[in-house]
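[1] With the input below, show me the fold.
(one chain, ligands or ions: 3)
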Amino acid sequence: MSAIKTYIDQNKDRFINELIELLKIPSISADKAYKEAVLNTSEVVKLSLEKAGCSHVEICETPGYPIVYGEHIIDKNLPTVLVYGHYDVQPADPIDLWDSPPFEPVIKITAAHPDGAIYARGSCDDKGQMYMHVKAFEILIKQNSLPCNVKFMIEGEEEIGSSSLGWFVERNQEKLSNDVILISDTGMISNQQPSITTGLRGLSYVEVEVTGPNRDLHSGLYGGAVANPVNILTKMIASLHDENNHISIPGFYDKVIEATDEERTEMAKAPFSLEAYKEALDIQEVYGESGYTTNERNSIRPSLDVNGVWGGYIGEGAKTVIASKAYAKISMRLVPDQDPDEITALFTEHFNSLAPKSVKVKVTPHHGGHPYVTPIDNIGYKAANKAYTETFGVNAIPQRSGGSIPIVALFEKELKSKTILMGFGLDSDAIHSPNEHFGVFNYLKGIETIPLFYKYFTELFQELNQ
Ligand code: BES
Ligand code: MN
Ligand code: MN
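    Ligands and ions are numbered 1, 2, ... in the order given. I've put the predicted structure just below:
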């Protein structure tokens, strides 16, 4: 058994308990009511890096929540790995659908996780995955085997758009200089088949408001004679997809880079069972853009989804009313080379044009982000693959993901370095949903695999720079 594995075996209860303590703090960045908890979490993360042996750790203030920055520089001639993660989490609601309270972590055995999984908001996204890096670093320090320089940058606003991180990165290029960026904030195919995320979708997110009459009206006295904003809004939304489930906003696909037949053939080789997928979601049939497979639809193709819609009476019983206003929150996932600002502008123009004169429309853009795709012929990818191959016994498969980590494209632009996305979560871990969990196997496997990335990256870096 390797020294690393022995260390993990001897310390695994402590590793799990430390994560459980971190998960008890409700660091919900979206909700101001949790401000103290978010700030407190940054302190706990700082302390954990110090305890792991990081020689310099600081809390960097920003216009928003602080960034925890740490560095451990052992030799200027060695490569530097910059680890990014986030300590903020999504809101826990709908709270009623949790089987146990979101901030009272419990370990439960499941079919996907026979070794148990830790149930709590943020367990997988991203406290658990971020904390694997702290523990992997601890092992390398305690065993005196850290092969390279390491920098940590752990932020508290990922779930609300990372605007302070953008601000911070632009102002600290020197401090953040690195040879590769390493992130565990994505997933992998299964516990038997690791994968490396080679793409992320971008995001354009808007809120729309449709206003009809200046006040709520009796739906008998006025029904049929004035525009009902809820009727109009839902009709407008329905028209955003055509009969082939193509998005019907003019110009929306203009910059989409079509995957080649070779790329699509390669993608189709990844293990995937449509039957298991449908069964896990309890659906009879999947649904999406004609001409594309499920895995293409959720990764290399853009999408448009209503995330929330409201207006009118939703209380108990029936109230006969025509509401004055109706609202929706709409996200568009983007692929290279779509630009989030351009897409937001196209959406806004089109949405306004859909509205009849009987209503007023307001479109408010929220945060967005650029899509990202990374090649696999670089030493970062190769090092990650070697690390996975050693700990899982099989090669990792490159796979584009449908999720977004908007800051990754900015890292490339500002810091000129590639990002390697070594995620250890599973799609079934229910991130952002009730009953989010993270496998104990995945947590410990991550801690075991990360040090090997450092080792192989350093070796390949030195070979390349000899
Ligand atoms: N870690 C996720 C993104 C993710 C998860 C990417 C799984 C790939 C696989 C991240 O925390 C997240 O939730 N991002 C948001 C975007 C952000 C701007 C709120 C998303 O994708 O919705
Ligand atoms: Mn995340
Ligand atoms: Mn998230």
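
[2] Look up which helix or strand the residue in the stretch 351-466 of the chain positioned nearest to ligand 1 falls in, please.
    Closest to ligand 1 within the stretch 351-466 of the chain is residue 403: 2.5 Å, counting by Cβ to the nearest ligand atom. Every C-beta, even on glycine, is put in place using the N, C-alpha and C of the backbone. Assessed by DSSP states H and E, residue 403 sits outside every helix and strand.

[3] distance of it from residue 372?
    Using Cβ to Cβ, to the nearest Å, we find residue 403 at a distance of 11 Å from residue 372.

[4] Of these two, give the one with the bigger neighbour count.
    Neighbour count, other Cβ atoms under 10 Å: between residue 403 and residue 372, residue 372 has more, with 26 against 21.

[5] show me the contacts for the more buried one.
    The contact partners of residue 372, taken as Cβ atoms under 8 Å, 6 or more residues apart in numbering, are 199, 200, 202, 336, 405, 408, 409, 412, 419.

[6] what does residue 389 give?
    Counting by Cβ under 8 Å, 6+ apart, residue 389 has contacts 395, 396.

[7] Got the phi and psi for it?
    Backbone torsions of residue 389, given as degrees, to the nearest 10, read phi -60, psi -40.

[8] Smallest distance to ligand 2 belongs to which residue of the stretch 201-350 of the chain?
    Using Cβ to the ion, the closest approach of the stretch 201-350 of the chain to ligand 2 is made by residue 203 at 12.9 Å.

[9] typo on my end, it should be the stretch 151-300 of the chain
    Residue of the stretch 151-300 of the chain nearest ligand 2, by Cβ to the ion: residue 185 (4.1 Å).

[10] quick one, phi psi at that residue?
    Note on residue 185: its backbone torsions stand at phi -150, psi 30 [degrees, to the nearest 10].

[11] quick one: the residue lying closest to it once chain neighbours are set aside from ligand 2, how far?
    Excluding its sequence neighbours, the residue lying closest to residue 185 (Cβ to Cβ, 6 or more residues apart in numbering) is residue 126, at 4.7 Å. Distance of residue 126 to ligand 2, given as Cβ to the ion, to the nearest Å: 4 Å.

[12] The helix ranked longest in the chain and ligand 1 in contact?
    Scanning the chain for the helix with the most residues, using DSSP state H, yields helix 440-464. No - using Cβ under 6 Å from any ligand atom, helix 440-464 stays clear of ligand 1, with a minimum separation of 13.0 Å.

[13] Would you mark the buried spots in that helix?
    440-461 (16 or more other Cβ atoms under 10 Å).

[14] One more: stretch 138-157?
    Buried residues in stretch 138-157 (16+ other Cβ under 10 Å): 138-141, 146-157.

[15] so who does residue 387 touch?
    Per Cβ under 8 Å, 6+ apart, neighbours of residue 387: 422, 449, 450, 452, 453, 455, 456.

[16] what about it, helix or strand, and which?
    Using DSSP H and E, residue 387 sits in helix 379-392.

[17] Now do the helix or strand hosting residue 236, average pLDDT.
    Assigned by DSSP H and E, residue 236 falls within helix 229-238. For helix 229-238, the mean per-residue pLDDT is 98.

[18] How far off centre is that helix?
    Distance of helix 229-238 from the chain centroid (Cα atoms, centre = their mean, to the nearest Å) equals 30 Å.

[19] these two touch, right, residue 130 and residue 87?
    Yes - at 6.5 Å, residue 130 counts as touching residue 87 under the criterion of Cβ atoms under 8 Å.

[20] any common contacting residues for these two?
    Listed as contacting both residue 130 and residue 87 by Cβ under 8 Å, 6+ apart are 45, 154.

[21] show me what contacts the residue nearest to residue 185?
    Residue 126 is in contact with 85, 86, 87, 89, 158, 184, 185, counting by Cβ under 8 Å, 6+ apart.

[22] Roughly how far does it sit from residue 434?
    Computed as Cβ to Cβ, the residue 126 to residue 434 distance reads 18 Å.

[23] same deal with residue 169?
    Distance, residue 169 to residue 434, using Cβ to Cβ: 33 Å.

[24] With neighbour numbers in mind, choose between the two.
    Per other Cβ under 10 Å, whichever of residue 169 and residue 434 has more neighbours is residue 169, with 22 against 16.
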